[in-house]
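*Asks:* Coordinates for the following, if possible.
(2 chains)
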Protein chains: 2
Amino acid sequence: MKELEKLFDRIIQRTTINLRELGYNVKPSVWSLIPPGQMTKFYAFYGITPDHPLNFQFRHSGLAGSYFLGRCHVTNSLLYKSDIRGDELKKKGELFRFQEFEIQVSKDEEILIEDSALIKTLVHNFSHDPETLEKFFIKDTVSTHYANIHGSPSDGCFLGPFSTVDLTTIRDCVIGTFSYIQAGEISHLNIEPGTIWVRSPGNFNFLYRYPGEQLKKYIYFAPGDQPQGIFMDFVNDRKEDFQEIFEVVNFESSVSVPGSASLDRYAVTKPTTHISENVLVSQRAYLQNVWLGKGANAQENCYIINSRLEGYNVTAHGAKIIEADLGKNVFVGFNSFLQGRPDCRLSIGKESIIMPHTIIDIQEPLSIPAGHLVWGLVTNQKDLEENSLPVNKFSEIETRFSKGNLVFEGSGRSFVKAFQDRIHHILEANGAFFNGAENKGHAQRNQNISFNTIQPYPRGSLKGLYPTIVIQP
Amino acid sequence: MKELEKLFDRIIQRTTINLRELGYNVKPSVWSLIPPGQMTKFYAFYGITPDHPLNFQFRHSGLAGSYFLGRCHVTNSLLYKSDIRGDELKKKGELFRFQEFEIQVSKDEEILIEDSALIKTLVHNFSHDPETLEKFFIKDTVSTHYANIHGSPSDGCFLGPFSTVDLTTIRDCVIGTFSYIQAGEISHLNIEPGTIWVRSPGNFNFLYRYPGEQLKKYIYFAPGDQPQGIFMDFVNDRKEDFQEIFEVVNFESSVSVPGSASLDRYAVTKPTTHISENVLVSQRAYLQNVWLGKGANAQENCYIINSRLEGYNVTAHGAKIIEADLGKNVFVGFNSFLQGRPDCRLSIGKESIIMPHTIIDIQEPLSIPAGHLVWGLVTNQKDLEENSLPVNKFSEIETRFSKGNLVFEGSGRSFVKAFQDRIHHILEANGAFFNGAENKGHAQRNQNISFNTIQPYPRGSLKGLYPTIVIQP
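*Replies:* This is a model prediction of the structure:
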């Protein structure tokens, strides 16, 4: 166990050095978040298919409970129950368009994680940094519970619980609890908790700040403690349902799955789950009494309970949808928490966009009309009016718009178009438009993955650390 | 699946070329023994501990259901439900004594399996060939159901079902069904089924031949068919009991295990199993209503049912003991089949040696006195008198001895001493003499192994083949 603790200490030290300008001391925040005993308790695993490029290299790392797909090197790192998804890696020779540039990818992209500690973090591949198209690097970084690193190379950062960095390169930054950042390249910033920031330099800037006291009820993180609040209670209450899935080697769900859809064997499905064609249910997704229409997807760490989604719905990583009815093409962004109740359901009209990190928590029925953009904290009709706008109205913004805690600058049209293009790309990549022959995506390619388990040294000074493991074609 | 079949075809061709002088065509014998569908059905697995040296390299092979411990390279091979045990590998710098030579081991020993097909074969490490102390090679070899390759480098051979090669280097040989060979270096021999041959050049030569027609009832193998007979029925009847053990990631047995003993999590234990101190129960051992005294061991593929073993008993790989009572220090060799019945139990007095590949199958009670050496086929008291001798009487043989189907030449004393030394070494290596501090063996070192599973490509032309997998410290 000794070497494992030394490694954690070293990672913390390196990250703290990177954050010295911000004066952020990483150790008190994370030292208690990985109890060393847990690092021997859970197996890690990787997926093998003929459809995903293969090159795993794990060296001198602790990987408890983590999952890997695609090409990925992990060196001197601790990954605890993290999902590293390399199923959209760029291939050598492909063209990457950035502004007026067309850049040729010089070799197959790989995910490199070095001197990092990731705790229940989701990493989704595809580096969006035009400087490092071939390497998606996460270096000297500590990332905590249910954070998402999505297309975002990082370097020397600390990510708080339920934070998301998306399509962004961040260097020496602290990303506060439940903050969502999609802002191009940023460095040396300390982002406060509950910041929703979407920026495209020269085009637009969207900035929302959660009311601090209200956010704490949902998620609060103080150095030395575990994260606390409704979000943590919600996921912890459902932890045990995952146990039976991880305890068996081959798990056979009783749910009927069309040939064009895929249900990951590490997803939880409770009665009664209905899966239509072209649906993708990713691992660690949680479905209970859910109807999923054609082309819907339920991504990693999402929870959908007592709800009906009509089709072509995106439920992004970590989003939660409870007691709700969603029309076609409704998008629900990362880590959003949409809580209807049995006696007051939430309904969302078709083609609405629920921004990442939105909280809707209602005590009386709420109906969001079709084609609306919604953000921030919504607990009733009044909040909804303050924190939403019809998408076509938003498109009309030309210079500046301010409402409640939101400040928007730049072109509403660009902003809406960027979002809509992205949603279309997500559906496409996930196989929602598969016609039996063309437009294959994850729903079709992720069927029938071979899962291999790995475990650390069980005893001795290396207890909890994994030997060097190299897997290649 | 295509590549898997090509590989099997290629291995068969290479082995057939090696056996051209003997005119042995391997293909009809084995082509139907590995149904390709089975090669994707079972996961392979390897063990990691701080006590065993680590260097696994699997390249372009099919490994369904196989287990690996220690240092082992498998290249262009098919291993189906085989156990490759590398827990007695020699270490660099150790001294190996052979006749008057003292040879220094020049590097850590490794098991190398190349261009081979092993079907339900047990491989036990420690090359006894003084020419290749560092490499235990199994090359261009096909080995079938429940064969044992024990300390025996091989090169271009075919091993029939339930055969054993022990401490022997064999080149371009065919080893018949249920034959046991421990004979120094042999080449270009075609060993008939049911041959028990123990030779130490210059010292002794022990040769027993099973009566052919009677052996067929127990085990019979004809090209184009699966092996048949009582042995196959016996193991097939108990196959399902292993399923629940392989289906779960971590199997917790309810059997109480002393701190100095080990019960492999891949062993079957049915009510009521008693395990005393210093006991070793290896994987794929099968125990049902068994009392195991201090220092007893139950090795891979052995079955012990409704029996009591008083202590310091060796039950070697593949041995079966049913409805029997064994005194202290009774040794039961490889693949022996000792079948008492509820109404006519078998009892074996202390310090008796049941030679490898002995069949005792009785219809009335039989009692083997203490200190006896037993071989061949024994179905009643009369057979016993023909196929046994008190150990001290055997030691008195000086030139030649013949009885029933046995011919012995040379020194009985050397023969008995070689066996007794070996039994002592086996008990020692297995940890039977552990005193709480010294004399650690497998029973103590094999506790708490991390098991990692691996699976092949699930689809496509590589279906059933494994990617390259390298595991190092």
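*Asks:* Quick check: the gap between the spatially closest residue to residue A:383 that is not a sequence neighbour and residue A:191.
*Replies:* Leaving aside its chain neighbours, residue A:383 sits nearest to residue A:377 (6.5 Å; criterion: CB to CB, 6 or more residues apart in numbering or on different chains). C-beta: built from backbone N, CA, C; applies to glycine. According to CB to CB, to the nearest Å, residue A:377 stands 18 Å off from residue A:191.
*Asks:* OK, contacts around residue A:338?
*Replies:* Residues near residue A:338 by CB atoms under 8 Å, 6 or more residues apart in numbering or on different chains: A:319, A:320, A:321, A:322, A:324, A:332, A:346, A:348, A:354, A:358, A:359, A:360.
*Asks:* of those, buried ones?
*Replies:* Neighbour-count burial within the contacts of residue A:338 applies to A:319, A:320, A:321, A:322, A:324, A:332, A:346, A:348, A:354, A:358, A:359, A:360; the criterion is 16 or more other CB atoms under 10 Å in any protein chain shown.
*Asks:* And the pLDDT for residue A:335?
*Replies:* Listed pLDDT for residue A:335 reads 98.
*Asks:* Identify the residues contacting it.
*Replies:* Contacts for residue A:335 were tallied using CB under 8 Å, 6+ apart; they are A:146, A:148, A:162, A:164, A:178, A:180, A:316, A:317, A:318, A:319, A:356, A:357.
*Asks:* Would you reformat these as JSON lines and include distance to residue A:305?
*Replies:* Listed next are the contacts of residue A:335 as JSON lines, based on distance: CB to CB, whole Å:
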{"residue": "A:146", "distance to residue A:305": "17"}
{"residue": "A:148", "distance to residue A:305": "21"}
{"residue": "A:162", "distance to residue A:305": "18"}
{"residue": "A:164", "distance to residue A:305": "22"}
{"residue": "A:178", "distance to residue A:305": "21"}
{"residue": "A:180", "distance to residue A:305": "23"}
{"residue": "A:316", "distance to residue A:305": "16"}
{"residue": "A:317", "distance to residue A:305": "17"}
{"residue": "A:318", "distance to residue A:305": "14"}
{"residue": "A:319", "distance to residue A:305": "12"}
{"residue": "A:356", "distance to residue A:305": "20"}
{"residue": "A:357", "distance to residue A:305": "19"}
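*Asks:* helix or strand for the closest residue in space to residue A:168 that isn't next to it in sequence, which one?
*Replies:* The shortest distance from residue A:168 to any non-neighbouring residue, by CB to CB, 6+ apart, is to residue A:152 (4.8 Å). Using DSSP states H and E, residue A:152 sits within no helix or strand.
*Asks:* What residues does residue A:152 make contact with?
*Replies:* A:128, A:165, A:166, A:167, A:168, A:169, A:170.
*Asks:* 10 Å instead, please
*Replies:* A:123-124, A:126-129, A:136, A:138, A:159, A:164-170, A:181-182 (CB atoms under 10 Å, 6 or more residues apart in numbering or on different chains).
*Asks:* returning to what we had before: are any of the contacts of residue A:335 buried, and which?
*Replies:* A:146, A:148, A:162, A:164, A:178, A:180, A:316, A:317, A:318, A:319, A:356, A:357.
*Asks:* quick revisit: if you look at the buried ones among the contacts of residue A:338, which of them are in strands?
*Replies:* Among the buried ones among the contacts of residue A:338, the ones falling in strands (DSSP state E) are A:320, A:321, A:322, A:324, A:332, A:346, A:348, A:354, A:359, A:360.
*Asks:* Tell me the bridge partners for the fifth one.
*Replies:* Spelled out, that is residue A:332. residue A:315, residue A:354 (DSSP bridges).
*Asks:* Quick check, it in contact with residue A:319.
*Replies:* Yes: using CB atoms under 10 Å, residue A:332 is in contact with residue A:319, at 4.6 Å.
*Asks:* circling back: point out the ones among the contacts of residue A:152 that are inside strands.
*Replies:* The members of the contacts of residue A:152 that map onto strands under DSSP E are A:123, A:124, A:136, A:138, A:159, A:164, A:165, A:166, A:170, A:181, A:182.
*Asks:* In the stretch 301-450 of chain A, mark out all the helices, start to finish.
*Replies:* Applying DSSP state H, counting those that start in this stretch to the stretch 301-450 of chain A gives helices spanning A:381-386, A:391-394, A:412-429, A:442-445.
*Asks:* okay, and the common contacts of residue A:332 and residue A:319?
*Replies:* Joint contacts of residue A:332 and residue A:319 (CB under 10 Å, 6+ apart) are A:299, A:302, A:304, A:338, A:354, A:356, A:358.
*Asks:* Nearest to residue B:210, out of those: which one, please.
*Replies:* Nearest to residue B:210 among the shared contacts of residue A:332 and residue A:319: residue A:299, at 63.8 Å, using CB to CB.
*Asks:* now that closest one: how far from residue A:442?
*Replies:* Counting by CB to CB, the separation of residue A:299 from residue A:442 is 10 Å.
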